[in-house]
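Undergrad: I'd like to go over a predicted model; first the sequence, then the structure.
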Amino acid sequence: MFYRDIISKLEEWSERSSRKPLVVRGARQVGKTSTISLFGKQFDCFLSLNLEKEEERDVFERGTSPEEILTAIYLLKGKTKRQGKVLLFIDEIQNSPKAVAMLRYFYEELPELRVIAAGSLLETLIETHISFPVGRVEYMALRPCSFFEFLQAIGETEIKEALKNVALPPPLHDRVMKLFNEYVFVGGMPEAVATYAKNKDLIAIRQVYETLLNGYVDDTEKYAKNDTDKKVLRHILRYGWLQAGQRIKFERFANSNYKSREIGDAMRTLEKAHVLELVYPTSLTTIPILPQLQKSPKLLWLDTGLVNYVADLQLELLGSKDISETWKGRIAEHIVGQELLAMSNLVSYRRNFWVREAKNSQAEIDFIYSYKGKVIPIEVKSGDNSKLKSLHLFMEESPNNIAVRFWNNPSSKDVITLPSGKQYTLYNLPFYYAGNIDRVLQEY
């Protein structure tokens, strides 16, 4: 167990007088149970239930009121009722529709009780077999570990705080880039991070990846509606990692014979489970950012460490001095996208990229980011500014005069003059600032 940044969000939720029962959502094995258990240590009384256990599930099956059920939980856990703050954690809540329904009554009749729910297959069951009480619960997403959380886990807390405050002395750049490259290799899955933090053995975490990957493949039995669904899901989970960071087409995906509808349905199932995200383009340079769902999406998986393992890129990464040169830059783009996602605990948060697909002019920006009413273009590239042709095209159309490039080098900025005479400032930022882009932009 190690500290996760979402705990500060949980603390804010706990202190709000208007809080509702909280449903923590996210892919399996991202640390929901261990994080909430760690958070529970802050309370006068922490009651934890796992509804995979029949005895604990029966509390909801036999109880008729929130007060009666809470009393039964105290007795079951061998605890007496206490004054002060009490947190009730209901894990694997998908196993009891009655427990899901009871969240409404906890909110209405026991508002002083803090209640958090989670479940390993919750994502694929929401809107099909499970319906949470509308307006009576709130949601929070837990993602794989960010670079900041990785630093916390391996004991580099001073560097973590310096990066959060945008106060890293330039002489430390090479050291922090080395740590970031380790993070790119390990990824953000908590078990892989914890294993690496324990012995700094990059080889030992291969078994963690293998177990995680097999677990996702095994889950297809639970996600799938029929045998065809199982086969399609397994195909994506075996070969789709090799398409990470690329724009994809559903028809005959990854050299298969599956039709567009079959792949699309399976992709959306895995997207609900937070295993991957279909990142769609936009052609707009101002808010609101409206994705073009009729165009080919970019495929981003939940964790770069898993991508490295399945695509057999680990040896190449170990010998790389610049991750933007690894796998044609796709790993660098993937980890920046992972860091941008990790910044948000909103379940609805989605990433986007920009395209201009004119007849004689193709342009693409790796990501666009909404910041204080502006759409900030983000490129993930090394090299000189002459290679940023798509970025220049974007800035010609944009009312904004700020752009960001993530790269391997120290921070710098360039004032670029476009053919039209418009000028914009390009902030060149080291990869390790990707998860703190708001603070960096505010500082600059």
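TA: Arrived safely, thanks for sending.
Undergrad: could you pull out the helices for the stretch 201-350 of the chain?
TA: For the stretch 201-350 of the chain, the helices defined by DSSP state H, counting those that start in this stretch cover 205-223, 227-239, 260-272, 304-310, 314-318, 330-342.
Undergrad: can you put these in a markdown table and add distance to G155?
TA: Every C-beta, even on glycine, is put in place using the N, C-alpha and C of the backbone. Compiled in a markdown table, those are given as follows (distance: least, Cβ to Cβ, whole Å):
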| stretch | distance to G155 |
| --- | --- |
| helix 205-223 | 17 |
| helix 227-239 | 34 |
| helix 260-272 | 34 |
| helix 304-310 | 19 |
| helix 314-318 | 22 |
| helix 330-342 | 20 |
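Undergrad: Any figure for the gap between the residue lying closest to D91 once chain neighbours are set aside and P21?
TA: Excluding its sequence neighbours, the residue lying closest to D91 (Cβ to Cβ, 6 or more residues apart in numbering) is N50, at 4.8 Å. Distance of N50 to P21, given as Cβ to Cβ, to the nearest Å: 17 Å.
Undergrad: who's more crowded, the two?
TA: P21 (24 against 15; other Cβ atoms under 10 Å).
Undergrad: For that one, list the residues it contacts.
TA: L103, F106, Y107, V115, I116, A117, R136, V137, E138 (Cβ atoms under 8 Å, 6 or more residues apart in numbering).
Undergrad: wouldn't the fourth one be in contact with E108 here?
TA: Read that as V115. No. If you go by Cβ atoms under 8 Å, V115 and E108 don't touch, sitting 11.8 Å apart.
Undergrad: Who has more neighbours out of the two?
TA: Taking other Cβ under 10 Å, V115 and E108 do not tie; V115 has more neighbours (23 against 12).
Undergrad: Quick one: classify the more buried one as helix, strand or coil.
TA: Secondary structure, DSSP: H, G, I helix; E, B strand; the rest coil: V115 is strand.
Undergrad: Leaving out chain neighbours, which residue sits closest to it?
TA: Nearest one to V115, counting by Cβ to Cβ, 6+ apart, is P21 at 4.0 Å.
Undergrad: now the stretch 1-150 of the chain, which segments are flagged as low pLDDT?
TA: Low-confidence segments of the stretch 1-150 of the chain, defined by pLDDT under 70: 125-129.
Undergrad: Now do the strands in it.
TA: 22-25, 45-50, 86-91, 114-117, 138-141 (DSSP state E, counting those that start in this stretch).
Undergrad: Contacts only, for the residue nearest in space to the middle of the chain.
TA: Closest residue to the average C-alpha location of the chain: R143 at 3.6 Å, with Cα atoms, centre = their mean. For R143, the contacting residues are G26, V30, G188, H274, L302, Q338, L341, A342, N345, by Cβ under 8 Å, 6+ apart.
Undergrad: Likewise for L87?
TA: Counted by Cβ under 8 Å, 6+ apart, L87 has contacts S14, F39, G40, F43, C45, F46, L47, R114, V115, I116.
Undergrad: Next one: it from V24, what distance?
TA: Counting by Cβ to Cβ, the gap from L87 to V24 is 12 Å.
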